[in-house]
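> Quick one, what's the 3D model for this:
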Amino acid sequence: MTHPTSPMNLHPLETALRRRLAVVADHALRDRDPAAHLAALKAAHAGLEEAVAALPAGADPRLLHFLERQSYEKAVAFLAQAGGAAGAQ
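Have a look, this model is predicted:
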């Protein structure tokens, strides 16, 4: 079964996921300025929520499963596999 989820319309989602993961991993910022880290985390999460809300109807259920369970590393891996060389676009 094919889902109408093309690499082109998933780029904002992948970008938002990677941004949120990067903010979570930024322990230097968290240690240096917890308030700034929290603000960055909130902004990254808001961007991710916006990207998820913009997903097309009929998005792949596996992707939705990862997003609903906040398995963001798995979602990024899924998008990389599904997009193949789409990152080069």
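> Secondary structure element holding the residue most central in space within the chain?
Taking Cα atoms, centre = their mean as the criterion, residue 17 is the residue nearest the geometric centre of the chain, at 2.0 Å. Here residue 17, judged by DSSP states H and E, is contained in helix 7-25.
> By mean pLDDT, which helix or strand of this structure comes out lowest?
Lowest by mean pLDDT, DSSP states H and E among the helices and strands of the chain is helix 7-25, with a mean of 91.
> Next SSE downstream of that one?
In N-to-C order, the element after helix 7-25 by DSSP H and E is helix 27-32.
> Tell me the helices and strands packed up against that next one.
In terms of contacts (3 or more Cβ pairs under 8 Å, 6 or more residues apart in numbering; DSSP states H and E), helix 27-32 is packed against helix 34-53. Every C-beta, even on glycine, is put in place using the N, C-alpha and C of the backbone.
> what's the helix it packs on in contact with?
The contact list for helix 34-53, computed with Cβ atoms under 8 Å, 6 or more residues apart in numbering, reads 12-13, 15-17, 19-20, 22-24, 26, 29-30, 67.
> one step back: next, the angle from the least confident helix or strand of the chain to helix 34-53.
Counting by axes from the mean of the first three to the mean of the last three Cα atoms, to 10 degrees, helix 7-25 lies at 160 degrees to helix 34-53.
> So which bits of helix 7-25 are buried?
Residues 7, 10-14, 16-17, 19-21, 23 are the ones in helix 7-25 that count as buried (16 or more other Cβ atoms under 10 Å).
> Using JSON lines, lay out the residues you listed together with distance to residue 44.
Below are the buried residues of helix 7-25 laid out as JSON lines (distance: Cβ to Cβ, whole Å):
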{"residue": "7", "distance to residue 44": "22"}
{"residue": "10", "distance to residue 44": "17"}
{"residue": "11", "distance to residue 44": "16"}
{"residue": "12", "distance to residue 44": "13"}
{"residue": "13", "distance to residue 44": "13"}
{"residue": "14", "distance to residue 44": "13"}
{"residue": "16", "distance to residue 44": "7"}
{"residue": "17", "distance to residue 44": "9"}
{"residue": "19", "distance to residue 44": "5"}
{"residue": "20", "distance to residue 44": "4"}
{"residue": "21", "distance to residue 44": "9"}
{"residue": "23", "distance to residue 44": "5"}
